[in-house]
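> need a structure here:
(one chain, ligands or ions: 4)
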Amino acid sequence: MTPIDLHCHSTISDGMKAPREVVRMAHARGCQLFALTDHDDTRGLADAEDEARQLGMPFINGVEISVSWGKHTLHIVGLGFDRNNPELLAGLESVRAGRWQRAERMAAELEKKAKISGVLEGARKYAENPEMISRAHFARYLVEIGRCKNMKAVFNQYLVRGKPGYVDHEWARLHDAIGWIRGAGGVAVLAHPARYELGNETLRVLLIEFKRMGGEAIEVLSGCHNIGETARFGRIAKEYGYLASAGTDYHATGEGAREPGLNGDLPMDCEPVWTRWMPHG
Ligand code: AMP
Ligand code: MN
Ligand code: MN
Ligand code: MN
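Ligands and ions are numbered 1, 2, ... in the order given. Have a look, this model is predicted:
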């Protein structure tokens, strides 16, 4: 097994550890190629890269862009881009811009429909980057005040479509997100495809469209995928001609199954996306 982690979060978005600390954790697990992929923001990359360089761990730039595709929200991971590219930076800024308004609407809905007050202030405490307030910050606060016993329960009861704290939001367009990543010399990867719960036909349309628009890889190994899903998306990657990516989607210790740095083996016959960054990969 080659330890590779191309999907991780820090305090620049909704992770709980600073970029340098996430890098140290991945290195401690023997990670041989690492990308920090905060939501809609690249401001952790300079620190992460510097820390990785000091430790001698290969590092590439990453980001996870929030996208609206029809009524679905998708996450597109960008890898190996130039982090100073002005169009990419402007695009990400435009995606972040709507987050506060959305958070205010979420708080208002939670107050009205679930009689929970003070959520915005509570969630704000968890958002170290004021431009990046996320549902994860709301969830941590609702656990803190004892509304639910864990994050998963908060999402299921309050924060997913149809629940009191969910509001619709327009993220980036798929075509634009892919364009920003590729324009900056990076590779566009469909993150955790099993998470979207798309029907077979919708998934087929997405995989064809994503490819046509310039998407090159899908996450096959993900902290969000179980063994069956990994096998399924391994077959799908082959069928549609996608490279396979791998990432833990680490946010905080205790919140998910995986710690930074560690991924299992890709299913047989999958072509890894990372060979271009790893001469011996
Ligand atoms: P947002 O971008 O503000 O909509 O927040 C999305 C984030 O919420 C994801 O990146 C995850 O960190 C977290 N999240 C989404 N769904 C769940 C879930 N079911 N359980 C735990 N965390 C979740
Ligand atoms: Mn997240
Ligand atoms: Mn995601
Ligand atoms: Mn993620």
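> from the middle of its chain, how far away would stretch 108-116 be?
Stretch 108-116 sits 27 Å away from the centroid of its parent chain (CA atoms, centre = their mean, to the nearest Å).
> and it, which residues are buried?
The neighbour-count check on stretch 108-116 (16 or more other CB atoms under 10 Å) flags 109-111, 114, 116 as buried. The way it works is simple: take the backbone N, C-alpha and C, and place the C-beta from them, glycine included.
> now swap in stretch 76-90 and tell me
Of all the residues in stretch 76-90, those buried under the rule 16+ other CB under 10 Å are 76-81, 83, 85, 88-89.
> and if you look at stretch 267-281?
267, 270, 272-274, 277.
> any idea of the pLDDT on the residue nearest the centre of the chain?
The centroid of the chain falls nearest to Glu64 when counting by CA atoms, centre = their mean (4.5 Å). pLDDT for Glu64: 99.
> do the same with His280
Model confidence at His280 (pLDDT) stands at 65.
> go on, Gly264?
Model confidence at Gly264 (pLDDT) stands at 80.
> Please list all residues in contact with it.
1, 221, 230 (CB atoms under 8 Å, 6 or more residues apart in numbering).
> make it 7 Å
Gly264 is in contact with 1, 221, counting by CB atoms under 7 Å, 6 or more residues apart in numbering.
> what does the one 5 residues further on give?
The contact partners of Asp269, by CB under 7 Å, 6+ apart, come to Lys238.
> distance between the ends of stretch 89-106?
26 Å (CA to CA, to the nearest Å).
> Check stretch 86-106 too.
31 Å.
> Return the distance of that stretch from the chain's centre.
For stretch 86-106, the distance to the chain centre is 15 Å (CA atoms, centre = their mean).
> So Cys148 sits against Asn156, correct?
No - using CB atoms under 7 Å as the test, Cys148 is too far from Asn156 to be in contact (8.4 Å).
> Between those two, which is the more surrounded one?
The residue with more neighbours, out of Cys148 and Asn156, is Cys148; 16 against 12, by other CB atoms under 10 Å.
> Distance check, the more buried one against ligand 1.
11 Å (CB to the nearest ligand atom, to the nearest Å).
> Fine by me, we can end here.
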